[in-house]
Structure formats: C-alpha cells, structure tokens
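Participant: dropping the sequence and predicted coords here.
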Amino acid sequence: MYSQNNNNVSPLEIYSWEMLQARLNKAMLSLQYGNKPSEPRNRKRDKQPADPRLQLCTNETVMLSVFRYLTKNERLVAMRVCKAWERMAVHPSLWKSVNASHQRIESAQLTGVVRRLPETLDLNWSKIEKEHLSWLLTRLPQLRELHLQGQALEVVGQLYTIHCPPLRLLDISFTADLTDANINKLFSPPNCIRTFQSVLTTKMVDLKELHLAGTLIGDDGVLSIAKILPSLTYLDVKCCLNVTDLSVVFLSHPQTPISSNLVNLDMRGCHQLTYASFDYFPSLPSLRKLALYPCWNLPLKLLQHWGRRYGFVVNSDKILEKFK
C-alpha cells in the first residue's frame, strides 16, 4: 500500500492531453528527420576571400571619381543601389551647385539641400517660406552664391541675421516692394551681434556681385550700397526706374571704397540717366564693362562717341567694353 505519510516520495506528475500530444509530435519529428548535429563552438568558419570588384564599388575615392561624370538624374538613380552609394552620391564635392528654381520647396527638398552642402544655391522664382529660408541659412555656412529672384520681401528679409553666411554673390532681382529703406536695413549690421565680436560689420562685407534689377531702389539705395559694400565689383541695377545721375555721382565719388573696385556696372533701362552722367564714369578707374543701352536719353551713337574718347568699344550686345 502506498503510504500518504511517506515524505520521501514525490507526488506523481499529471500531464494534460495537450502536453502529451506535444511530446508525441516532438518525438515523431525527431525519428522522421533526425536531429541536426550542432557545430562545435570553437570551430571557426572558413572566410571566403572578398571579391576585389566589390571592394572597388564601395571605395569612396574610386566611386566619387566615377560619380563626377554622372548627371543629376543618374546620381539620383545610383542612390537607390545601396546605402554606401546613397551616402557617396550626396557628397558635397559632387554638388557645388544646387538648382531648385521654379519649384515648391518642401521639407524633403530642404533636407536634401542641407545634406549636399552646396556653395551655390539657385532659388529663383521658387515657392519657399521665410521660415524655410531662415532654416537653410543657419545650416549652410559654406554657401557663397545665393539666387533669390522673384521672392517676396519677407523672404529676402531673412538675410538680415547673424546666421547669414558670408556671401560673394547675391541676386535679389525683381523683389516686390524692395525700396531704399529695405536696402539700408538689409546690408546693415544685424542687431543680435555676439559679445566677442569687436567690429560690428555686416555679414555682406565681402560681397562681390549684387543684382537688384527690376526693384524700386533709387539714389539713396545706391548710396547705401556704395558705403556699406566696399568689395563690390559687379553692380546690376537695370530697369530700376528711380535711379538717376546722382547714383553715378555716389558710385564714382573718391571717398567711397566702391569707386576703386567696381569693374562691371549694368544700368540698362534706367531711363532717368542723362548725358551728364558721362562726366563721372571716368572716375571709376577699374571699370571694364558699362551697360547703358537702352536708355531713353542715351542713344547708341552717343555711347559710341563717348566710348572712342575714353577707350571703350561697343560690343555685339551693345555694352561698352574697355580696350585690353
């Protein structure tokens, strides 16, 4: 008889029907297929030598030299091959210039531009919000050329910040409602100057080329440019109907630094210019190209006569060009 008081004997294990069926299935599978012998842990797997062609395809130096011969669309296709090619296809050395003109700029485009870190960014006539441009300027310190034709005044106003990169070229042509007061503020030193900066200068102090075609600036705006931008060599104010002979006086004045550095001057379509302005153009010693045609008060024959007197010739584009 089995004694209930015997503590040395453990109670019998009672299995349910599901547990018995699971054990039976496991045993049947083991008999049918057999157990796969496990490999020893200390055994090292034989490594096959890597294909040298595969190593070349993932070498950044080699692939960058190949990607330079691809077009923009071909690079976008190459980015879909693998993660290594996606990273190399957006290398900044391949994207010195990014053209996003006539497009609607969304978050995806902003991220793509920042990944490429271009030196030249073309946003002419694109639909971009002022917050987006401000976000871009703070993340593109290497940017040197910026094209913003046809943008709203509030978008162009985002350049008035300490985060604006030191541009060499700026094109804000055909900006609506851009007046002399806006020009003076845009190129003035920003208010939020850091404490360790000893000289309060504008972020545009090294600007070489400025395009203001089709805006509402006048003589006061040109005077501000002549005072604030001493390194300017190219000034484009064509179709600015408020520009008069007084602007030429400001640009050629010997006390303004721009007078000795200005090389190209485009004043086509400034119909308030008269023959009196010709007395001041010779005071620009570095001037090599002067565009004045068409202007209502300056016929082409008059330009040719003045050009022969001061060593200029009218080229095929009707631009006065200095003799070499």
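Facilitator: Received it, and whenever you're ready, just let me know what you need.

Participant: what separates stretch 107-122 from the chain centre, distance-wise?
Facilitator: Using CA atoms, centre = their mean, to the nearest Å, we find the averaged C-alpha position of stretch 107-122 to lie 6 Å away from the chain's own average C-alpha position.

Participant: what of stretch 173-187?
Facilitator: For stretch 173-187, the distance to the chain centre is 21 Å (CA atoms, centre = their mean).

Participant: what's the end-to-end length of it?
Facilitator: End-to-end distance for stretch 173-187: 15 Å, by CA to CA, to the nearest Å.

Participant: which ones are touching the most centrally placed residue in the chain?
Facilitator: Nearest to the centroid of the C-alpha atoms of the chain, with distances taken as CA atoms, centre = their mean, sits Leu121, at 3.3 Å. Contacts were defined as CB atoms under 8 Å, 6 or more residues apart in numbering; by that measure Leu121 touches 97-98, 100, 113, 136, 140, 143, 145-147. C-beta coordinates here come from the backbone N, C-alpha and C atoms, glycine included.

Participant: out of the residues you listed, which are buried?
Facilitator: Among the contacts of Leu121, those classed as buried by 16 or more other CB atoms under 10 Å are 98, 100, 113, 136, 140, 143, 145-147.

Participant: check the gap between Arg87 and Asp279 for me.
Facilitator: Using CB to CB, to the nearest Å, we find Arg87 at a distance of 60 Å from Asp279.

Participant: cool, and Gly218?
Facilitator: With distances taken as CB to CB, Gly218 is found 20 Å from Asp279.

Participant: who's more crowded, the two?
Facilitator: Remark: of Gly218 and Asp279, Gly218 carries more neighbours, 20 against 12, as counted by other CB atoms under 10 Å.

Participant: that one against Asn242, yeah?
Facilitator: Yes - under the criterion of CB atoms under 8 Å, Gly218 makes contact with Asn242 at 3.3 Å.
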